[in-house]
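Trainee: What follows is a predicted structure for the sequence shown.
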Amino acid sequence: MGNLSTFGTFTMARLGIYASQYALNVTGNNISNINTDGYSRQSLDQTSMNYGAADRYQSKYDVRANGGVLATGVNQLRDQYLDIRYRNEMTKVGEMDAKLDGLNQLADIFDEVNKGEDQAGVLEARFNELIQVIETQHQDQNTNQDDIDKIVRSAAEALAIQFNDYAKQLETLTENKIAEFRDELDATNTILTKIRDLNASIRKSEVFGGSALTQRDERNLLIDELSEKIGINVLYETENLGDGVEVEKLKISTSGDPERVLVDGIYAAQLSIAKTTKGYDANGDEVPPKDATVARWETVENENFNLNISELEDAKGNLDPADPNMTKQVFSVQSLGDDASDWDKVKNVVKRLTFDNSGGTTAAQKAEAYEKALNEQYGFTTSGTGGPRFHVSDTEMTDGEKAAGMYVVHFHMGPSGTEYNFVNIDDERVTQLNDTELSGGLQAMRELLTEAGEYSTAATLSRDDLAYDADAATKRGIPYYKAALDTLARKFAEVMNEANTLPDEVVYRTNKAGKFVDETGAVLADQTDRSTYVLREEYSYYDGGALFSNSGNTDDTEGITAANLSISHSWAHGSVHVLQSTQENATSRANDNLAHIIATLTKDHDFVYGSNTTGVTSFKGTFQEMLTDTIAGTLAKDQNITDTMRDNYNTTADELYVDRDAIMGVDLNDEAMNMMQFQKAYSAACRLMTTYDGMLDKLINGTAV
Amino acid sequence: MSSFRITTNGLYRNYRSNLYKNNAQLSDAMTTVQTSRKFNTYAEDPAAASKAWRLRRAYWRTGDQIDNTNYVISKYESAYTAMAAVVDGDSENRGLDGIISAVEGLSDAAGSARNALGKELIQTAENVVSMMNSKYGEDFIFAASDGANIPFTWSDSGKLLYRGIDVTTPKTAYTSEELGVTKTMLAMEKPLSQTEYDEAHTAGTVTEASYDDYKAAYMTRNKDYESFDAATADYAKVVKYNDAKTSYESEHPGWKFENAVKLNDMAEEITYLDIGLGMQEDDDGKIISGSAFNSAISGLKFLGYGEDANLVMVMKELGEIFSRADPETGAYESTDDRTRASELLDRLHDGIRYSQGQHVQLSADAKYLKTNLSQLETNKAELNTQITETEDLEMADAITEMTWAQYCYNAALRIGTQILSQSLLDYMS
């Protein structure tokens, strides 16, 4: 039998009392924090106290009781797998929420269901009214030309104003969405900063043996919030501080491919809208940035709203020495000379690289191989020193940096040997996120601002999306609807103008060679001056021309959009009229052209993606079908699908929240049970003390001497 | 919910989420009842909304077509009434039917009524012209596509003119479209080849000393042409035109070929109106004839034109011959008159029958238009029904749905007040 101290049991009872009281404290804390956002249920870690010492001569029949209970710590109950699932789902919810919000706002503009007088729509009704007034004028009893113009013009003007209004609303929506995007970006950056600071605080606490549970809860809450804005991967690593001290290091990366690190322990990055450099000549006109005439550069936000990730920095601005993003850094070039033969080819290059001596090759050999590969990639010569080429060198590095295998990429301009460092525009090293590296609310907002769907041009797709996102050509944001509306307005104006215009060579006097001539048959000196053209006798009535233009002050039909569609100056001021007929020597009630206009307004047209007539046909139908089917209909289907998807994600997220809460959440029944349990344990420990006290009393005071 | 441990907050969240859903459903159901529509946004039912727009568009167009049909019916009825006065006559005039009977009555040997009938024929001819110049609204009904201008006038010499052209101008087979020449082309002089020049020069009809001089002089005379060679390109059309013209004018001395062509053009004038026949253009941008209604009524076509082909001029000339007849005996003034009268009587019969036929055609057209109107009105009513079926809801269903949504919402509220407040703590002493 082992040693049995006289007062050892008192200690055991005392430890039991302590443990129960701690446990009740934890329960109390749980109950108090039941409504604290993000609070994870805590529990007391208890362990049975074991005496470490053994007797010199210990019998194999020895009996040992442990020394009571020790409260060794308080921990949180949390399932990281559920955290991951919940956050993944919240990324989708965030994405769908932002997308649906944008689509709903677009529908406020384009959805004409249940709008307008007699629920006949708005722009749709304007089309109907225009057709109706022309139908009325088409009845051959009517009327004088001025009346026809007045009536048709009034309906056409209402239509044009409606187009303008829709375009204006789209513009306002775009501005609001950009502002919202910036706000979201700021909010995301604030979260990243807070997480970084919490990481520092938790790290400090851990160094001194603390558990920093409250900060962890706060951090988890922020990570949840971050997951709605960006799809993320969360990784808990261990950081060795030396002397056997290890602390936890939280790493948060984007969930795209490749992953980009947003938070690396006490370092965090900031997101910003990528910048593009534009060049301006001495007159202030924009010229290509590599142009010799550039007088100044201006850095503006990338119209594709790509995001940059800054370098990982701690609260004091120190860079993360092991910044994992650094090897993928992208820089813009500003200080290239005029004779940079292909500015575009070299505008994105790696600036700083780190190589090491491993795998049988030295850092220098790796740098050399890299240089060769880089030159090959950009089509520069890889041998000799002549001609423009990249040069990887460590000559500018400090001894410490050289020792760390760090190199700088130079661009060798040519035989003269002038070398330029690549200097990015704001002197800030950043990593640009490609299209598929982002998901969540921010990406949904970015896509709302940038995706032109089927209206994407080869240039925009190659510049950004298609290389990374195979779906880019079918994602539709504000630019898609703007392009579709512009296409409709442009086609409408084009068709109406064409219907109201006869070719110059038909109505004006020309000679056999097609040269414009005067009344005597003499060729006009200035063939382009339309004011000198002379009408043929059979077209002496002719006063056709463009009905719609890009501004009310001109008859210019170039570049008509929904925003600028206007009644042409000449039509508004009576020098151009609606042509009732296009026949030679047209009679007073000839109405063939009015019939033609009606047929044109109601027939199918090919609507072409892009601003030219050679693109792919996006839709074949009438103007109104284009409006209600392609624009409003596509939007409605997108809304419908997005709404359904959001509901599904929300339901799953709700379920996951409850599942997660089943682990981490405080439950009053549970805590009430704990209260009773710990109270009983406390009572029992007290009872143990009383019992043992009675025993000792007997031993000390009741035993006869 | 599969979790083993349902926490207080988990329960709250679940409850809250379901309550929101119930509330949203109730709100949607109430909006549906209030608006009496099956869908209030495009996104609610894209397929139905898209269909509704198509139906509404068709409904609107049908309204326009009904309006057009009503207009053209009125015009045709006016035309029919105007013609009826001439064809059937009235208390003061016998009308064309009466004229026919009267003329047929002239077969008696004496022909004593010839003189009086002659005056009546002249009067009727003038009445027909007045009728053909009647208006509907501001426009001349029988002026085809030139409703703003009076179609028929009398020349000083007593000829009937249609837009200034004598309706008795002998006919040609050509229309402007067939000939396809422009004024510029017509102004062109035929360029001679070297051989033709040599012949002409030898004959003295061409005075220029060399072929080059001829070409230069040609270009001066034909300023519209930039080069001598190019000038020959459209000459085939001009040749065809000139051949037709020469042939016509030699056959009909004193008549202008251009006027004969113009009469053909005017008789075929068209003003298309969309009355719901699916107005459509062909690839050249011309209205396909069966897809629209030609609302032009041509007086020229009604009365006929060409030599002895115009009813008015036939009646007038016959009337004049009859008027010259002996008032007592009815004997013709001359043998020529007798021969001419015999010819004209045949023409008169043909002309009156043709005009009667046209009158009947007007009636048939008006009837067709009325049938079309009735069809359009039926279509409009049908479209309205379809729109209603697509957009408007069955109120009983909607109210039932709203009541159910209300019931679910109330139940959810009750759950909230009864269940969520309880926990073990409430039972601890």
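Mentor: The structure has been received and is ready for your questions. Residues are numbered from 1 along each chain as shown, chains lettered A, B, ... in the order given.

Trainee: Next up, the contacts around the closest residue to chain A within the stretch 151-300 of chain B.
Mentor: Nearest to chain A in the stretch 151-300 of chain B, going by C-beta to the nearest C-beta, is B:Lys223, at a distance of 2.9 Å. For every residue, glycine as well, the C-beta is placed using N, CA and C. Under the criterion of C-beta atoms under 8 Å, 6 or more residues apart in numbering or on different chains, the contact list for B:Lys223 reads A:Asn511, A:Val517, A:Thr520, A:Gly521, A:Ala522.

Trainee: Arrange the residues you listed in JSON lines, one row each, with neighbour count and pLDDT as further columns.
Mentor: JSON lines is the format used below for the contacts of B:Lys223 (neighbours: other C-beta atoms under 10 Å in any protein chain shown; pLDDT from 0 to 100):
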{"residue": "A:Asn511", "neighbour count": "20", "pLDDT": "79"}
{"residue": "A:Val517", "neighbour count": "22", "pLDDT": "89"}
{"residue": "A:Thr520", "neighbour count": "9", "pLDDT": "86"}
{"residue": "A:Gly521", "neighbour count": "15", "pLDDT": "81"}
{"residue": "A:Ala522", "neighbour count": "12", "pLDDT": "86"}
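
Trainee: So what does A:Leu535 have for phi and psi?
Mentor: Note on A:Leu535: backbone dihedrals following degrees, to the nearest 10 are phi -70, psi 140.

Trainee: for B:Ala143, same thing?
Mentor: Here is the backbone geometry of B:Ala143 (degrees, to the nearest 10): phi -90, psi 20.

Trainee: List the residues that contact it.
Mentor: Neighbouring residues of B:Ala143 by C-beta under 8 Å, 6+ apart: A:Arg589, B:Asn149, B:Ile150, B:Pro151, B:Ser298, B:Gly299.

Trainee: Run the chain-centre distance for the strand or helix carrying B:Phe322.
Mentor: Of the helices and strands defined by DSSP states H and E, B:Phe322 is found in helix B:311-324. Relative to the mean C-alpha coordinate of its chain, helix B:311-324 is positioned 35 Å out (C-alpha atoms, centre = their mean, to the nearest Å).

Trainee: For B:Asp336, list the residues it contacts.
Mentor: With the criterion set at C-beta under 8 Å, 6+ apart, B:Asp336 makes contact with nothing.

Trainee: any idea how far it lies from B:Ala325?
Mentor: B:Asp336 sits 13 Å away from B:Ala325, taking C-beta to C-beta, to the nearest Å as the criterion.

Trainee: Point me to the residue sitting closest to the centre of the chain.
Mentor: With no chain named, the answer covers chain A. When chain A is reduced to its mean C-alpha position, the closest residue under C-alpha atoms, centre = their mean turns out to be A:Gln443, at 2.6 Å.

Trainee: was after chain B, sorry
Mentor: Residue closest to the mean C-alpha point of chain B, counted by C-alpha atoms, centre = their mean, is B:Tyr272 at 2.2 Å.

Trainee: From what I see, it and B:Ser295 are in contact.
Mentor: Yes - the pair B:Tyr272 and B:Ser295 passes the contact test of C-beta atoms under 8 Å, sitting 7.4 Å apart.

Trainee: In the stretch 401-550 of chain A, what residue lies closest to chain B?
Mentor: Checked against chain B (C-beta to the nearest C-beta), the nearest residue in the stretch 401-550 of chain A is A:Gly521, 2.9 Å away.

Trainee: and that residue, what does it touch?
Mentor: Applying C-beta under 8 Å, 6+ apart, the residues near A:Gly521 are A:Arg509, A:Asn511, B:Lys223, B:Asp224.

Trainee: redo that, cut-off 10 Å
Mentor: A:Gly521 makes contact with A:Arg509, A:Asn511, B:Thr184, B:Ala187, B:Arg221, B:Asn222, B:Lys223, B:Asp224, B:Tyr225 under the criterion C-beta atoms under 10 Å, 6 or more residues apart in numbering or on different chains.

Trainee: nearest to A:Gly544, of those residues?
Mentor: Lowest distance from A:Gly544 to the contacts of A:Gly521 (C-beta to C-beta) belongs to A:Arg509, with 16.3 Å.

Trainee: can you map out the helices along chain B?
Mentor: Per DSSP state H, chain B carries helices over the ranges B:8-35, B:46-87, B:95-105, B:114-132, B:176-179, B:183-186, B:194-203, B:211-221, B:235-251, B:257-267, B:299-303, B:311-324, B:335-391, B:395-418.

Trainee: which one of those lies closest to A:Asp118?
Mentor: Taking C-beta to C-beta as the criterion, A:Asp118 comes closest to helix B:46-87 out of the helices of chain B, the separation being 9.1 Å.

Trainee: Perfect, that will be all.
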